[in-house]
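J.: 3D, please:
(2 chains)
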2 protein chains.
Amino acid sequence: MRVEFINPFIASLLNVLSTMAQVELTPGKPRLKKDDKAKGDITGIMGMMSTQAKGSFSLTFDESLALAIMNNMLGEKPAKIDAEVIDMVGEITNMVTGGAKRILADKGFDFDMSTPIVVSGKDHTITHKSEGPKLLLPLTSVFGNASIEICFDS
Amino acid sequence: MRVEFINPFIASLLNVLSTMAQVELTPGKPRLKKDDKAKGDITGIMGMMSTQAKGSFSLTFDESLALAIMNNMLGEKPAKIDAEVIDMVGEITNMVTGGAKRILADKGFDFDMSTPIVVSGKDHTITHKSEGPKLLLPLTSVFGNASIEICFDS
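T.: The predicted structure follows:
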(Lines give C-alpha, C1' and ligand atoms only; values in the text may rest on other atoms or scores of the structure.)
Protein backbone atom coordinates (compact mmCIF):
# COMPACT_ATOMS: atom_id res chain seq x y z
CA MET A 1 0.00 0.00 0.00
CA ARG A 2 1.33 3.41 -0.93
CA VAL A 3 0.84 6.74 0.84
CA GLU A 4 -1.10 8.06 -2.19
CA PHE A 5 -3.74 5.45 -1.42
CA ILE A 6 -5.08 7.68 1.35
CA ASN A 7 -5.81 10.56 -1.05
CA PRO A 8 -9.25 9.32 -2.21
CA PHE A 9 -10.33 9.05 1.44
CA ILE A 10 -9.09 12.59 2.18
CA ALA A 11 -10.77 14.01 -0.93
CA SER A 12 -14.02 12.21 -0.11
CA LEU A 13 -14.01 13.39 3.53
CA LEU A 14 -13.32 17.04 2.63
CA ASN A 15 -16.06 16.89 -0.01
CA VAL A 16 -18.66 15.28 2.29
CA LEU A 17 -18.09 17.72 5.17
CA SER A 18 -17.88 20.76 2.94
CA THR A 19 -21.05 20.03 0.98
CA MET A 20 -23.15 18.43 3.73
CA ALA A 21 -22.08 20.51 6.74
CA GLN A 22 -20.19 23.55 5.42
CA VAL A 23 -17.29 22.47 7.62
CA GLU A 24 -13.83 23.00 6.13
CA LEU A 25 -11.11 20.64 7.33
CA THR A 26 -7.41 21.30 6.74
CA PRO A 27 -5.47 18.10 6.15
CA GLY A 28 -2.04 17.76 7.76
CA LYS A 29 0.73 15.53 6.52
CA PRO A 30 -0.03 11.79 6.19
CA ARG A 31 2.22 9.74 8.44
CA LEU A 32 3.35 6.17 8.03
CA LYS A 33 3.92 5.10 11.59
CA LYS A 34 3.57 1.99 13.66
CA ASP A 35 2.93 3.64 17.01
CA ASP A 36 0.63 6.54 16.21
CA LYS A 37 -2.97 6.04 17.23
CA ALA A 38 -6.10 7.89 16.24
CA LYS A 39 -7.44 9.43 19.45
CA GLY A 40 -10.73 11.23 19.90
CA ASP A 41 -14.27 11.08 21.25
CA ILE A 42 -16.25 9.49 18.42
CA THR A 43 -15.02 7.22 15.62
CA GLY A 44 -16.60 5.63 12.59
CA ILE A 45 -14.98 2.34 11.52
CA MET A 46 -15.32 0.36 8.30
CA GLY A 47 -13.83 -3.00 7.36
CA MET A 48 -12.55 -3.19 3.79
CA MET A 49 -11.76 -6.14 1.54
CA SER A 50 -10.51 -6.59 -1.99
CA THR A 51 -9.37 -9.63 -3.90
CA GLN A 52 -5.77 -8.47 -3.34
CA ALA A 53 -5.93 -7.30 0.28
CA LYS A 54 -8.00 -6.65 3.35
CA GLY A 55 -7.87 -3.80 5.77
CA SER A 56 -9.70 -1.21 7.78
CA PHE A 57 -10.61 2.48 7.83
CA SER A 58 -11.37 4.77 10.76
CA LEU A 59 -12.47 8.39 11.00
CA THR A 60 -12.16 10.00 14.43
CA PHE A 61 -13.60 13.34 15.61
CA ASP A 62 -13.21 15.48 18.69
CA GLU A 63 -16.59 15.88 20.39
CA SER A 64 -16.65 19.64 19.64
CA LEU A 65 -16.19 19.00 15.92
CA ALA A 66 -18.80 16.22 15.81
CA LEU A 67 -21.32 18.54 17.51
CA ALA A 68 -20.52 21.40 15.08
CA ILE A 69 -21.08 19.05 12.11
CA MET A 70 -24.38 17.93 13.68
CA ASN A 71 -25.48 21.54 14.08
CA ASN A 72 -24.55 22.52 10.52
CA MET A 73 -25.88 19.36 8.90
CA LEU A 74 -29.12 18.85 10.81
CA GLY A 75 -29.68 22.11 12.71
CA GLU A 76 -29.52 20.30 16.03
CA LYS A 77 -27.32 21.27 18.95
CA PRO A 78 -27.02 18.39 21.40
CA ALA A 79 -24.93 19.20 24.49
CA LYS A 80 -22.95 16.01 24.07
CA ILE A 81 -22.59 12.96 21.82
CA ASP A 82 -25.96 11.20 21.69
CA ALA A 83 -27.65 8.53 19.55
CA GLU A 84 -28.28 11.00 16.72
CA VAL A 85 -24.64 12.09 16.60
CA ILE A 86 -23.65 8.39 16.52
CA ASP A 87 -26.07 7.87 13.59
CA MET A 88 -24.61 10.87 11.79
CA VAL A 89 -21.01 9.63 12.19
CA GLY A 90 -22.11 6.22 10.85
CA GLU A 91 -23.63 7.95 7.81
CA ILE A 92 -20.54 10.11 7.25
CA THR A 93 -18.39 6.96 7.43
CA ASN A 94 -20.60 5.35 4.78
CA MET A 95 -20.41 8.43 2.55
CA VAL A 96 -16.64 8.92 2.88
CA THR A 97 -15.75 5.27 2.23
CA GLY A 98 -18.37 5.05 -0.55
CA GLY A 99 -16.83 8.10 -2.26
CA ALA A 100 -13.30 6.72 -1.87
CA LYS A 101 -14.45 3.34 -3.21
CA ARG A 102 -15.71 5.02 -6.42
CA ILE A 103 -12.47 7.00 -6.89
CA LEU A 104 -10.33 3.89 -6.29
CA ALA A 105 -12.48 1.76 -8.61
CA ASP A 106 -11.71 4.27 -11.40
CA LYS A 107 -8.02 3.59 -10.72
CA GLY A 108 -8.54 -0.16 -10.99
CA PHE A 109 -8.57 -0.96 -7.29
CA ASP A 110 -11.90 -2.47 -6.25
CA PHE A 111 -12.82 -3.15 -2.66
CA ASP A 112 -15.91 -4.14 -0.73
CA MET A 113 -16.93 -2.73 2.60
CA SER A 114 -18.52 -4.13 5.75
CA THR A 115 -21.18 -2.10 7.56
CA PRO A 116 -19.98 0.81 9.71
CA ILE A 117 -19.42 0.63 13.44
CA VAL A 118 -19.36 3.75 15.61
CA VAL A 119 -17.33 3.98 18.81
CA SER A 120 -18.24 6.59 21.37
CA GLY A 121 -16.22 7.39 24.50
CA LYS A 122 -14.07 10.24 25.75
CA ASP A 123 -10.46 10.01 24.55
CA HIS A 124 -10.59 6.49 23.18
CA THR A 125 -7.85 5.17 20.93
CA ILE A 126 -8.16 3.04 17.80
CA THR A 127 -5.51 0.48 16.86
CA HIS A 128 -5.64 -1.12 13.42
CA LYS A 129 -4.19 -4.63 13.66
CA SER A 130 -3.19 -5.11 10.05
CA GLU A 131 0.09 -6.69 9.02
CA GLY A 132 0.65 -3.84 6.58
CA PRO A 133 1.64 -0.22 7.12
CA LYS A 134 -0.84 2.15 8.72
CA LEU A 135 -1.47 5.59 7.31
CA LEU A 136 -2.57 8.28 9.76
CA LEU A 137 -3.73 11.68 8.58
CA PRO A 138 -4.50 14.43 11.10
CA LEU A 139 -6.97 17.15 10.11
CA THR A 140 -7.76 20.43 11.83
CA SER A 141 -10.71 22.83 11.78
CA VAL A 142 -11.94 25.83 13.74
CA PHE A 143 -14.30 23.45 15.58
CA GLY A 144 -11.75 20.81 16.62
CA ASN A 145 -9.60 18.04 15.23
CA ALA A 146 -10.21 14.89 13.23
CA SER A 147 -8.07 12.04 11.93
CA ILE A 148 -8.28 9.35 9.29
CA GLU A 149 -6.48 6.06 9.61
CA ILE A 150 -6.37 3.37 6.92
CA CYS A 151 -4.39 0.20 6.50
CA PHE A 152 -4.27 -2.77 4.17
CA ASP A 153 -2.41 -5.99 4.79
CA SER A 154 -0.54 -5.88 1.49
CA MET B 1 -30.18 -13.26 10.15
CA ARG B 2 -31.38 -15.62 12.84
CA VAL B 3 -30.48 -15.68 16.53
CA GLU B 4 -28.81 -19.09 16.06
CA PHE B 5 -26.28 -17.36 13.86
CA ILE B 6 -24.50 -16.08 16.97
CA ASN B 7 -23.86 -19.62 18.28
CA PRO B 8 -20.65 -20.29 16.29
CA PHE B 9 -19.21 -17.03 17.65
CA ILE B 10 -20.12 -17.98 21.22
CA ALA B 11 -18.68 -21.48 20.82
CA SER B 12 -15.49 -20.12 19.29
CA LEU B 13 -15.03 -17.48 22.03
CA LEU B 14 -15.59 -19.98 24.88
CA ASN B 15 -13.16 -22.41 23.23
CA VAL B 16 -10.43 -19.79 22.60
CA LEU B 17 -10.54 -18.39 26.14
CA SER B 18 -10.80 -21.79 27.80
CA THR B 19 -7.90 -23.35 25.89
CA MET B 20 -5.62 -20.31 25.56
CA ALA B 21 -6.21 -18.61 28.90
CA GLN B 22 -8.03 -21.08 31.15
CA VAL B 23 -10.76 -18.46 31.56
CA GLU B 24 -14.32 -19.78 31.69
CA LEU B 25 -17.03 -17.41 30.48
CA THR B 26 -20.72 -18.01 31.19
CA PRO B 27 -22.92 -16.87 28.31
CA GLY B 28 -26.16 -15.06 29.15
CA LYS B 29 -29.20 -14.89 26.91
CA PRO B 30 -28.73 -13.47 23.40
CA ARG B 31 -30.85 -10.37 22.90
CA LEU B 32 -32.25 -8.94 19.69
CA LYS B 33 -32.49 -5.29 20.50
CA LYS B 34 -32.11 -2.02 18.69
CA ASP B 35 -30.98 0.11 21.63
CA ASP B 36 -28.61 -2.12 23.54
CA LYS B 37 -24.96 -1.24 23.21
CA ALA B 38 -21.86 -3.20 24.02
CA LYS B 39 -20.07 -1.22 26.74
CA GLY B 40 -16.65 -1.89 28.16
CA ASP B 41 -13.00 -0.87 28.28
CA ILE B 42 -11.44 -2.70 25.35
CA THR B 43 -13.13 -4.00 22.18
CA GLY B 44 -11.99 -6.02 19.19
CA ILE B 45 -13.92 -5.26 15.98
CA MET B 46 -14.05 -7.18 12.70
CA GLY B 47 -15.85 -6.30 9.47
CA MET B 48 -17.51 -9.26 7.77
CA MET B 49 -18.71 -9.78 4.21
CA SER B 50 -20.37 -12.57 2.29
CA THR B 51 -21.90 -12.72 -1.14
CA GLN B 52 -25.32 -12.55 0.53
CA ALA B 53 -24.71 -9.96 3.24
CA LYS B 54 -22.28 -7.70 5.02
CA GLY B 55 -21.98 -6.93 8.68
CA SER B 56 -19.78 -6.52 11.69
CA PHE B 57 -18.64 -8.29 14.85
CA SER B 58 -17.42 -6.88 18.14
CA LEU B 59 -16.07 -8.46 21.31
CA THR B 60 -15.90 -6.20 24.37
CA PHE B 61 -14.14 -6.85 27.70
CA ASP B 62 -14.03 -5.13 31.06
CA GLU B 63 -10.48 -4.06 31.84
CA SER B 64 -10.26 -6.50 34.77
CA LEU B 65 -11.18 -9.44 32.53
CA ALA B 66 -8.76 -8.39 29.75
CA LEU B 67 -5.94 -8.16 32.30
CA ALA B 68 -6.80 -11.59 33.76
CA ILE B 69 -6.71 -13.13 30.26
CA MET B 70 -3.35 -11.42 29.65
CA ASN B 71 -1.99 -12.88 32.87
CA ASN B 72 -3.22 -16.41 32.17
CA MET B 73 -2.28 -16.42 28.49
CA LEU B 74 1.09 -14.69 28.59
CA GLY B 75 2.06 -14.62 32.27
CA GLU B 76 2.16 -10.83 32.26
CA LYS B 77 0.36 -8.60 34.71
CA PRO B 78 0.15 -5.05 33.35
CA ALA B 79 -1.53 -2.58 35.75
CA LYS B 80 -3.76 -1.29 32.98
CA ILE B 81 -4.55 -1.81 29.30
CA ASP B 82 -1.34 -1.29 27.32
CA ALA B 83 -0.08 -2.01 23.80
CA GLU B 84 0.39 -5.70 24.57
CA VAL B 85 -3.16 -6.10 25.86
CA ILE B 86 -4.38 -4.34 22.70
CA ASP B 87 -2.34 -6.81 20.59
CA MET B 88 -3.79 -9.73 22.54
CA VAL B 89 -7.39 -8.55 22.03
CA GLY B 90 -6.67 -8.17 18.29
CA GLU B 91 -5.37 -11.75 18.22
CA ILE B 92 -8.36 -13.08 20.19
CA THR B 93 -10.68 -11.28 17.74
CA ASN B 94 -8.87 -12.99 14.85
CA MET B 95 -9.11 -16.40 16.52
CA VAL B 96 -12.78 -16.10 17.51
CA THR B 97 -13.97 -14.87 14.10
CA GLY B 98 -11.68 -17.37 12.34
CA GLY B 99 -13.19 -20.21 14.38
CA ALA B 100 -16.75 -18.99 13.72
CA LYS B 101 -15.95 -18.64 10.02
CA ARG B 102 -14.95 -22.32 9.84
CA ILE B 103 -18.08 -23.48 11.70
CA LEU B 104 -20.34 -21.34 9.49
CA ALA B 105 -18.59 -22.49 6.30
CA ASP B 106 -19.49 -26.07 7.29
CA LYS B 107 -23.13 -24.92 7.41
CA GLY B 108 -22.87 -23.41 3.92
CA PHE B 109 -22.49 -19.80 4.97
CA ASP B 110 -19.18 -18.37 3.75
CA PHE B 111 -17.94 -14.96 4.73
CA ASP B 112 -14.72 -12.99 4.45
CA MET B 113 -13.26 -10.80 7.15
CA SER B 114 -11.43 -7.48 7.22
CA THR B 115 -8.46 -7.04 9.57
CA PRO B 116 -9.25 -6.46 13.26
CA ILE B 117 -9.42 -3.06 14.91
CA VAL B 118 -9.04 -2.65 18.67
CA VAL B 119 -10.71 0.18 20.58
CA SER B 120 -9.35 1.13 23.98
CA GLY B 121 -10.95 3.63 26.34
CA LYS B 122 -12.77 3.51 29.68
CA ASP B 123 -16.50 2.80 29.30
CA HIS B 124 -16.72 3.26 25.55
CA THR B 125 -19.77 2.09 23.65
CA ILE B 126 -19.95 0.33 20.28
CA THR B 127 -22.84 0.91 17.89
CA HIS B 128 -23.20 -1.35 14.85
CA LYS B 129 -24.83 0.61 12.04
CA SER B 130 -26.24 -2.25 10.04
CA GLU B 131 -29.72 -2.20 8.51
CA GLY B 132 -30.36 -5.64 9.93
CA PRO B 133 -31.04 -6.85 13.47
CA LYS B 134 -28.25 -6.72 16.04
CA LEU B 135 -27.57 -9.63 18.33
CA LEU B 136 -26.04 -8.84 21.70
CA LEU B 137 -24.81 -11.57 24.02
CA PRO B 138 -23.58 -10.73 27.53
CA LEU B 139 -21.06 -13.06 29.18
CA THR B 140 -19.88 -13.16 32.78
CA SER B 141 -16.82 -14.53 34.54
CA VAL B 142 -15.18 -14.33 37.96
CA PHE B 143 -12.78 -11.73 36.47
CA GLY B 144 -15.38 -9.40 34.91
CA ASN B 145 -17.84 -9.16 32.06
CA ALA B 146 -17.67 -9.44 28.30
CA SER B 147 -20.11 -9.09 25.43
CA ILE B 148 -20.36 -10.14 21.82
CA GLU B 149 -22.33 -8.17 19.27
CA ILE B 150 -22.89 -9.24 15.67
CA CYS B 151 -25.10 -7.97 12.90
CA PHE B 152 -25.67 -8.59 9.22
CA ASP B 153 -27.64 -6.41 6.88
CA SER B 154 -29.85 -9.23 5.61
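J.: for the helix ranked longest in chain A, which positions count as buried?
T.: Secondary structure of chain A per DSSP state H: the longest helix is helix A:83-106. Using 16 or more other CB atoms under 10 Å in any protein chain shown as the test for burial, helix A:83-106 gives A:85-86, A:88-97, A:99-101, A:104. Yep, even glycine has a C-beta here, placed from its N, CA and C like the rest.
J.: Report pLDDT for A:S154.
T.: pLDDT for A:S154: 67.
J.: try A:V3
T.: 66.
J.: again, but for the one 5 residues further on
T.: For A:P8, the pLDDT comes out at 93.
J.: Equivalent analysis for A:L59, please.
T.: pLDDT, A:L59: 97.
J.: Would you map the strands across chain A?
T.: A:26-27, A:31-32, A:38-49, A:54-61, A:112-113, A:117-128, A:134-141, A:144-152 (DSSP state E).
J.: Among these, which comes closest to chain B?
T.: Smallest distance to chain B across the strands of chain A (CB to the nearest CB): 1.5 Å, for strand A:38-49.
J.: That closest one - which strands sit beside it in the sheet, and in what orientation?
T.: Paired strands of strand A:38-49, with direction, are strand A:54-61 (antiparallel), strand A:112-113 (antiparallel), strand A:117-128 (antiparallel) (DSSP bridges).
J.: For the shortest one, what is the distance to the chain centroid?
T.: Between the mean C-alpha point of strand A:112-113 and the mean C-alpha point of its chain there is a distance of 15 Å (CA atoms, centre = their mean, to the nearest Å).
J.: Show me what the least confident helix or strand in chain A by mean pLDDT is packed up against.
T.: Ranked by mean pLDDT, DSSP states H and E, the weakest helix or strand in chain A is strand A:31-32, scoring a mean of 84. Applying 3 or more CB pairs under 8 Å, 6 or more residues apart in numbering or on different chains; DSSP states H and E, one finds that strand A:31-32 contacts strand A:134-141.
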